[in-house]
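K.L.:
sequence-free structure coming up:
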């Protein structure tokens, strides 16, 4: 199993920046595909950005944040990041980290979630 702990959320003014971190337990972090999702009040959880396992650097990013948010990972630190720039009030949400095991893993098909970190964009 994997445990995920997010950090870095907070209150920021419109136009500001934040960097979220998600640190995973365990020794197989590099084999997991990782993603950042968010859920605003009254809305469904949505994908913000994801990054493939390993060091391929292959990412997928929602159109609503493209050009403003960047996902990255440091496999030596078991951590995935979400760098957010030019934040808007509509980016206000709880941001969650997700880990997906690889095909060959015993827990393939499971997905692991952190408890979330709140980002509030307001003046």
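P.N.:
That came through fine. As the structure is a computational prediction, the values presented were derived from the model and not from experiment.
K.L.:
average pLDDT across stretch 68-82?
P.N.:
Mean pLDDT, computed over stretch 68-82, is 97.
K.L.:
got the buried residues for that stretch?
P.N.:
The neighbour-count criterion (16 or more other C-beta atoms under 10 Å) identifies 69, 70, 71, 73, 78, 79, 80, 81, 82 as the buried residues of stretch 68-82. No exception for glycine: its C-beta is placed from N, CA and C like everyone else's.
K.L.:
wait, isn't the fifth one in contact with residue 28?
P.N.:
No - between residue 78 and residue 28 no contact is recorded; they are 9.4 Å apart, counting by C-beta atoms under 8 Å.
K.L.:
check the buried residues of stretch 68-82 and tell me the two furthest apart.
P.N.:
69 and 78 (21.0 Å; C-beta to C-beta).
K.L.:
okay, the spatially most central residue of the chain: pLDDT?
P.N.:
Relative to the mean C-alpha position of the chain, the nearest C-alpha, by C-alpha atoms, centre = their mean, is the one of residue 36, at 2.4 Å. Residue 36 carries a pLDDT score of 98 in this model.
K.L.:
which strands and helices sit next to the helix or strand hosting it?
P.N.:
Using DSSP states H and E, residue 36 maps to strand 33-39. For strand 33-39, the helices and strands in contact under the criterion 3 or more C-beta pairs under 8 Å, 6 or more residues apart in numbering; DSSP states H and E are strand 18-24, strand 46-51, strand 69-74, strand 79-84, strand 93-100.
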